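[1] All I have is the shape, not the residue letters:
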């Protein structure tokens, strides 16, 4: 066994896990790690804030479907990544966050830059480790990657005291690890899948609700096969947006608070739902009580604790969504089960879709959200990856930006973290450098992590920031208009800063686009230049996101544009 | 509804914090909790009693099961398990006759009497929570100076956990 430092063993262990890129910021308590990074082949991306480093790792993890790695120092470095970890946890994103900690002897002494990150992060991590000897580090790393990437993925924290990084020891590198209390793989129950098929076949108005689990497990082909074999309309959750091609004849788009009108309508009329990898979040289902009495629910999820958490189910299928759906497809094919597309429910779907497409009034403005986003879709190649920030633009993206190529749309859907989209887009670009990456942004959110422009420019990770700028915290403004009698409080951002100049100050390309043509040209310029680009689009601050289902109300109570 | 959950966990620092923090963050209730190492020093057993409806308890068990540090989570049937709690109680002695009366009640409940003084008597009782409550009711009139309860610890009866 070779004698080496804890920090060195960390680097070797990370390389053994196939890590070739990491995002982070150095500081006092993780200097030994950075000294080893200096010698390692791992590409380090210097973030300008630890929160952004975590979001970059998150974006990388979602796109590559292997844990993104981020580093932060102790104390404020560690507390700064908390939002990033919580975001990854809420959206089941694989991530390994590695923090420095004050030396073992100083723990509990309120030392300089000491924070109890193990305690702080407890409710928002899948697991957390604090190795107390250098010899433990490789085993801890192996366990961290295993836990983070299997079952329902999530963030794992490794908090390493500085002396543990420095100590030299003979360090073993286990080739596999066992964790007694962790059983991420469950074989789906065949009889439950048979029951589910029977229910779907005997239902008059079946619907598929595709959640984030379909994207995480990459079950795109399976979900499409089932929809097409059984001619079942597909709605998605917002997290599941783009798990099914949104230009498909059976696609209705996302349901929810700002779901598509036709999706919400059909969801509430269904008599049987196949919910695949969805946790029935309040933002997706509103209150279900109204119509769940006549709705049979088939719930597929890899996490047994999700079964019955928010929704009582008729049939529960615990296991990897892709594995479960694959068995279902196999059974359908073996039994040669196929449904003809001319049954009344499919006709009803077409009518509903047509009705809303003809009658749903779009905002009347030259740069209405629908026009702006449809323009973006028109010029952006289908395989491009799109992230969003959080706010009105995000919901408009859900409504008006069709995802054609499955698994190319990512957003902070669970935690709703403003400032996530841009660093996550940089992480996505690192995972897939060959495709264009666009962050559909609002200026309020972008403002929170815009200093990542330095990273996008200097580390050659060019992404396009597509700012729908309404000079305000638009979603808050909408709620104040809707629920607070237009008492507008703390929403006016007063056109500050100038995002074109901000972009230029960082050495990025800044373009102001004031018409649909200019938007199209700006995106084309950005794509051609392969430069970090900020496109600033002044939109109408008065536009609301509609349809809107008020919180705590059923999906049937949609507020439609008048 | 009152439920007893028996949780076998890794005997490592910080696990009690994680378990109790899970209850707090998911808005579940802990009525009592007791922890001790098992015959295998790698494991500890926690006995948790909780109040909640059927759906809540099922969800608590699933969330505990999901925890990586838990090895086994079982819900114990009251009738199919043995459960006991230990209480130490310091009871006030105001007049000479109190002493005799307290001793008589303690005897009836098969308490151990530990510390007899002019002004107080300390007794120990190991029993079901109901019996402890009954004892407490009887001696409350004398004045209870201090009380310390361990919370329940429980095990399934022979054969009960094989079903």
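    Now that the structure is in, tell me what you want to look at. For clarity, every value in this text was computed on a predicted model and none was experimentally measured. Numbers count the residues shown, from 1 in each chain, chains lettered A, B, ... in the order given.
[2] Break chain B into its domains for me.
    B:2-76, B:82-153 (automatic domain parsing).
[3] Please tell me how far residue A:102 sits from residue A:35.
    In this view, residue A:102 and residue A:35 are 18 Å apart by CB to CB, to the nearest Å. To be clear about C-beta, it is placed using only N, CA and C from the backbone, and glycine gets the same treatment.
[4] you'd agree residue A:379 is up against residue A:525?
    No - judged on CB atoms under 8 Å, residue A:379 makes no contact with residue A:525 at a distance of 10.3 Å.
[5] For stretch A:555-562, buried residues please.
    For stretch A:555-562, the neighbour count (16 or more other CB atoms under 10 Å in any protein chain shown) marks A:555, A:558, A:561 as buried.
[6] residue contacts, the closest residue to the second one other than its chain neighbours?
    Using CB to CB, 6 or more residues apart in numbering or on different chains and skipping residues adjacent in sequence, the residue nearest residue A:558 is residue A:547, 4.4 Å away. If a contact means CB atoms under 8 Å, 6 or more residues apart in numbering or on different chains, then residue A:547 has A:258-261, A:264, A:360, A:558-561 as its contacts.
[7] swap in residue A:451?
    With contact taken as CB under 8 Å, 6+ apart, residue A:451 is in contact with A:48-49, A:52.
[8] ok, and which of these reach chain B?
    With CB under 8 Å from any CB of the partner chain as the criterion, the contacts of residue A:451 include none near chain B.
[9] Reformat these as JSON lines; add neighbour count and secondary structure.
    Shown next, in JSON lines, are the contacts of residue A:451 (neighbours: other CB atoms under 10 Å in any protein chain shown; DSSP: H, G, I helix; E, B strand; the rest coil):
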{"residue": "A:48", "neighbour count": "16", "secondary structure": "coil"}
{"residue": "A:49", "neighbour count": "20", "secondary structure": "coil"}
{"residue": "A:52", "neighbour count": "30", "secondary structure": "helix"}
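[10] Span of stretch A:302-314 from start to end?
    17 Å (CA to CA, to the nearest Å).
[11] Tell me which residues of that stretch come out buried.
    A:302-307, A:309-311, A:313.
[12] For chain B, tell me which of those residues show up nearby.
    Within the buried residues of stretch A:302-314, those near chain B by CB under 8 Å from any CB are A:303-305, A:307, A:309.
[13] Dig out what the closest residue to residue A:499 other than its chain neighbours forms beta bridges with.
    Excluding the flanking residues, the one nearest residue A:499 by CB to CB, 6+ apart is residue A:536, at 4.3 Å. Taking DSSP bridges as the rule, residue A:536 bridges to residue A:467, residue A:512.
[14] can you pull the contacts of residue A:536?
    Taking CB under 8 Å, 6+ apart as the test, what residue A:536 contacts is A:443, A:467, A:469, A:499-500, A:510-513.
[15] out of those, who's nearest chain B?
    Ranked by distance to chain B (CB to the nearest CB), the contacts of residue A:536 are led by residue A:443 at 33.6 Å.
[16] which residues touch that closest one?
    Per CB under 8 Å, 6+ apart, neighbours of residue A:443: A:467, A:469-471, A:493, A:499, A:536.
[17] Who wins on neighbours among these?
    If you count neighbours using other CB atoms under 10 Å in any protein chain shown, the busiest of the contacts of residue A:443 is residue A:467, which has 29 neighbours.
[18] That one contacts residue A:538, correct?
    No - counting by CB under 8 Å, residue A:467 stays clear of residue A:538, with 9.3 Å between them.
[19] Okay, strands next: where are they in chain B?
    For chain B, the strands identified by DSSP state E occupy B:2-10, B:32-37, B:43-51, B:70-76, B:81-92, B:112-116, B:120-127, B:144-149, B:153-156, in order along the chain.
[20] How far off centre is the fifth one?
    The chain centroid and the centroid of strand B:81-92 are separated by 8 Å under CA atoms, centre = their mean, to the nearest Å.
[21] and if you look at the shortest one?
    Relative to its chain's centre, strand B:153-156 lies at 10 Å (CA atoms, centre = their mean).
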